[in-house]
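Visitor: Return a 3D structure for these sequence lines:
(chains A and B)
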Amino acid sequence: MFRKVLIANRGEIAVRLIRALRELGIGSVAVYSDADRKALHVRLADEAAHVGASPASESYLRLDRILDAARGHGADAIHPGYGFLSENAEFAAACADQGFVFVGPSAQAIRSLGSKTEARRLAKQVGVPVVPGTEEPATHIDDARRVARQLGYPVMLKAAAGGGGKGMRRVDSEQELESAVRDAASEAQRAFGSDEIYLEKLIVNPRHIEIQLIGDTHGNIIHLGERECSMQRRHQKVLEECPSPLLSEKPELREQMGEAAVKLARAAGYVNAGTAEFLADANGRFYFLEMNTRLQVEHPVTEVVTGRDLVHLQLRAAAGEPLGIRQSDVRWRGAAIECRIYAEDPDHGFFPSPGRIVQLTEPAGPGVRLDSGVYQGWDVPLDYDPLLAKLTVHAPERTAAIARTLRAIEEYAITGVTTNLTFFRDLLRDEAFVAGHLHTGFLDEFMARRPRHPPDSRLDHLAAAVAAVHTLDTAPSRVEPASVRSSCWLHEGRRFMLR
Amino acid sequence: MKWHVTVDTRVVEVDLTALPDLQEVEPGVYSALLEGRSYQIRIAHVRGGHAVDIAGQRLLVDATDPHRAPPRRRHGQEGRTNITASMPGKVIRVLANAGDAVKAGQGVVVVEAMKMQNEVKAPHAGRVAAVRAIAGGTVAAGDVLMTIDHE
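Guide: Numbering: from 1, shown residues only, chains lettered A, B, ... in the order given. Now for the predicted structure:
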């Protein structure tokens, strides 16, 4: 096992990794930018190294400085976390070249499975279903018409060169096809300098379900089940859960998807943690989308239902040890839900809200796990993504998990920055959510029907009273009239403490 | 003594001699007992008053001591509007120059925070009197980005 591991990341995931290292008796080295000198991960790590200015491009994305820090602190391995350099094959290769173990798959596996087209080719080769579509561009209308008839409407047009929605068109019938191809091609030409368009079958209201994989260097590769990640906004996941509610109708799905994911990973010679993402339709048909060659943000969901620590397993695999778990050893117990707590304002288009955390009360009690990267009094920097913490709950089944999540959200309070906690309170009470009728377009529909809370005169009065009392208390050098205070005991107590 | 406190857009009268049982249990956190019910209420300074979190809602509350109310200042001069940053961030682009005519709703400055860009829009039509925002610079919430004259 390693002696000391450098964590090439920040925020809650760096804290999560430091915790695992400490549990295994391994030293931890944090890295930080100018903005993060006082960050929680720097406080908690055994050692810390400054790697540059606040913008990520000048610090957390600087391979050279991170490798220098690992050398300077005598680390023997580097854990990249998620985001930043975690899926950068060049970084994985540089770690290996310079004598550090990269806690993740090989540079070669990142390259081949990290490329969508390459992963799709491999999936087809080993018989894992992918979303039906063209491999060759079908920019000419005759080709497009022929392919669309084969696939069946609705179809999706996509720019071969790009992403981010540019050059994408949904086409519901052949009458719409010609103009849609023309528009998509010209949009792709403007955005990417190539007018090549390909066609894919459109999966209507799909669920986004992913399979957690873990493999070692001894040829063992197993799956740890699924996570339902259909709750997304602008392709950013907001809430994840296990089991997927679809499993209540299609219990065989876990094994089928798990087997498909393992087959793919085995074909690629995959080692360490990875996630195979799928789309699933209402009939339980599933299609491989892409492979994430890293630890996922939402990994705690899998950890609480399987009772396995993915970071421990990652470190073990990276150190060349066998996993020590067979597929048949993996059991799933109860239901887990994770909420991503972001510093963003759900009432104003989810715009980010950096700033100082003035007051923080964290939830606790049975079945509650909190992976947080913040503390009271800390300034949330504006340079990075707005994820503050992940709240994961575990309960015997989904209904109890929803109730427990609501209870924990009600205990959770963060002032100074605006968070999406109020959004979760509404979502967790939504009938369609409770019924488990999830799909990737769910949150857009939910936001349109999200309830507005009518003013409540009792709450207004309490809020006004607190604001008045607080204003009096915080006003400088004001003599407090005794009659104003509600409690003479409080007043006495304060005088006593001031002595 | 009675205060008139604004809660969101509503005006609430508070009699300081007849308050509910309010205890500050942590800095900025109050426990209130009212008609046998227990409430936890959190208060933090924000621009324009206090944000008060109560029963899962965030209310914007402006309480001013009637005895020490500061003279009311107008938001900019007559016939002139200051466009301010609603959140701290980095100025990515300035889309209008001094002297430019702008339409209501036209984007004038792009501010980025936490990987998200927000286009700040002109609240009404007018002519740009002054540009304070500088591309590449950082701004705090409430900072004036641009001043627009009514036409």
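
Visitor: Can you give me the domain assignment for the chain?
Guide: In the absence of a named chain, chain A is used. A:4-103, A:141-201, A:207-449, A:457-498 (automatic domain parsing).

Visitor: wrong chain, I was asking about chain B
Guide: B:2-62, B:80-149.

Visitor: comparing those, which gets the lowest mean pLDDT score?
Guide: Set side by side, those give their lowest mean pLDDT on domain B:80-149, at a mean of 86.

Visitor: Tell me, what's the model's pLDDT at residue 78?
Guide: I went with chain A, as the question did not name one. 98.

Visitor: look at chain B instead
Guide: What the model reports for B:Glu78 is a pLDDT of 64.

Visitor: still on that earlier bit, mean neighbour count and distance to A:Val130 added to the domains of chain B, as a markdown table?
Guide: For the C-beta atoms, the positions are set from N, CA and C on the backbone; glycine is no exception. As requested, the domains of chain B are exported to a markdown table (neighbours: other Cβ atoms under 10 Å in any protein chain shown; distance: least, Cβ to Cβ, whole Å):
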| stretch | mean neighbour count | distance to A:Val130 |
| --- | --- | --- |
| domain B:2-62 | 17 | 43 |
| domain B:80-149 | 17 | 30 |
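
Visitor: Briefly note if the helix or strand containing A:Ile222 comes near chain B.
Guide: In this assignment (DSSP states H and E), A:Ile222 forms part of strand A:221-233. No - Strand A:221-233 does not reach chain B (Cβ under 8 Å from any Cβ of the partner chain); its nearest approach is 11.6 Å.

Visitor: CA atoms only: put that strand into PDB for me.
Guide: What follows is strand A:221-233, C-alpha atoms only, in PDB (Å, rounded to 0.1, in the frame of the first residue of the first chain):
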ATOM      1  CA  ILE A 221     -13.700  -6.700 -12.800                       C
ATOM      2  CA  ILE A 222     -17.100  -6.400 -11.100                       C
ATOM      3  CA  HIS A 223     -20.100  -4.000 -11.100                       C
ATOM      4  CA  LEU A 224     -21.600  -2.500  -8.000                       C
ATOM      5  CA  GLY A 225     -25.000  -1.900  -9.500                       C
ATOM      6  CA  GLU A 226     -26.800   1.100 -11.000                       C
ATOM      7  CA  ARG A 227     -27.500   4.700 -10.100                       C
ATOM      8  CA  GLU A 228     -30.500   6.500 -11.600                       C
ATOM      9  CA  CYS A 229     -29.300  10.000 -12.600                       C
ATOM     10  CA  SER A 230     -32.200  11.200 -14.600                       C
ATOM     11  CA  MET A 231     -32.600  14.300 -12.500                       C
ATOM     12  CA  GLN A 232     -30.500  16.700 -14.500                       C
ATOM     13  CA  ARG A 233     -30.500  20.400 -15.400                       C
END
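
Visitor: So what are the sheet partners of the helix or strand following that strand and their directions?
Guide: Counting by DSSP H and E, the element after strand A:221-233 in chain order, helix or strand, is strand A:236-242. Applying DSSP bridges to the sheet, strand A:236-242 is found paired with strand A:221-233 (antiparallel), strand A:335-342 (antiparallel).

Visitor: which other helices and strands contact the longest strand out of those in chain B?
Guide: Ranked by residue count, the top strand of chain B under DSSP state E comes out as strand B:37-46. Applying 3 or more Cβ pairs under 8 Å, 6 or more residues apart in numbering or on different chains; DSSP states H and E, we find strand B:37-46 packed against strand A:359-361, strand A:413-415, helix A:457-474, strand B:29-34, strand B:49-54.

Visitor: What strands line up against the helix or strand following the first one, and which way round?
Guide: Put plainly, it is strand A:359-361. Remark: after strand A:359-361, the chain's next helix or strand is strand A:368-372, criterion DSSP H and E. Sheet pairing of strand A:368-372 (DSSP bridges) gives strand A:387-395 (antiparallel).

Visitor: Go through the following helix or strand past the partner strand and flag the buried ones.
Guide: Of the helices and strands lying after strand A:387-395 in sequence (DSSP H and E), the nearest is helix A:398-411. Buried residues in helix A:398-411, counted by 16 or more other Cβ atoms under 10 Å in any protein chain shown: A:Arg398, A:Ala401, A:Ile402, A:Arg404, A:Thr405, A:Leu406, A:Arg407, A:Ala408, A:Ile409.

Visitor: Over to stretch A:151-159?
Guide: Of all the residues in stretch A:151-159, those buried under the rule 16+ other Cβ under 10 Å are A:Leu151, A:Val155, A:Met156, A:Leu157, A:Lys158, A:Ala159.

Visitor: which regions of the stretch 251-400 of chain A lie under the pLDDT threshold?
Guide: Along the stretch 251-400 of chain A, no part satisfies pLDDT under 70.

Visitor: quick one, what contacts B:Ala133?
Guide: B:Val91, B:Val94, B:Val109, B:Val139, B:Leu145, B:Met146 (Cβ atoms under 8 Å, 6 or more residues apart in numbering or on different chains).

Visitor: Among the residues you listed, which one sits closest to chain A?
Guide: Nearest to chain A among the contacts of B:Ala133: B:Val139, at 10.1 Å, using Cβ to the nearest Cβ.

Visitor: close enough to count as contact, A:Asp76 and A:Met1?
Guide: No - counting by Cβ atoms under 8 Å, A:Asp76 does not reach A:Met1; the two are 9.6 Å apart.

Visitor: who has more neighbours, those two?
Guide: For A:Asp76 versus A:Met1, the count of surrounding residues by other Cβ atoms under 10 Å in any protein chain shown is larger for A:Asp76: 17 against 14.

Visitor: So the residue lying closest to that one once chain neighbours are set aside: helix, strand or coil?
Guide: Distances taken as Cβ to Cβ, 6 or more residues apart in numbering or on different chains put A:Phe2 closest to A:Asp76, at 5.0 Å, once the chain neighbours are dropped. Of the three states, A:Phe2 takes coil under DSSP: H, G, I helix; E, B strand; the rest coil.

Visitor: immediately after the helix or strand where A:Glu90 lies, which helix or strand?
Guide: Assigned by DSSP H and E, A:Glu90 belongs to helix A:89-97. Where DSSP H and E defines the elements, the next helix or strand beyond helix A:89-97 is strand A:101-102.

Visitor: tell me what the helix or strand following that next one is packed against?
Guide: Beyond strand A:101-102 in the direction of the C-terminus, DSSP H and E gives the next helix or strand as helix A:107-114. With contacts taken as 3+ Cβ pairs under 8 Å, 6+ apart, helix A:107-114 sits against helix A:89-97, helix A:116-126.

Visitor: let's see 10 Å
Guide: helix A:89-97, helix A:116-126, helix A:253-267, strand A:272-280, strand A:286-292 (3 or more Cβ pairs under 10 Å, 6 or more residues apart in numbering or on different chains; DSSP states H and E).

Visitor: So which elements touch the third one?
Guide: Read that as helix A:253-267. Short answer (3+ Cβ pairs under 10 Å, 6+ apart): helix A:253-267 packs on helix A:107-114, helix A:116-126, strand A:207-215, strand A:221-233, strand A:272-280, strand A:286-292.

Visitor: which strands and helices sit next to the fifth one?
Guide: Strand A:272-280 is packed against helix A:107-114, helix A:116-126, strand A:207-215, strand A:221-233, helix A:253-267, strand A:286-292, helix A:299-306, helix A:310-318, with contacts defined by 3+ Cβ pairs under 10 Å, 6+ apart.
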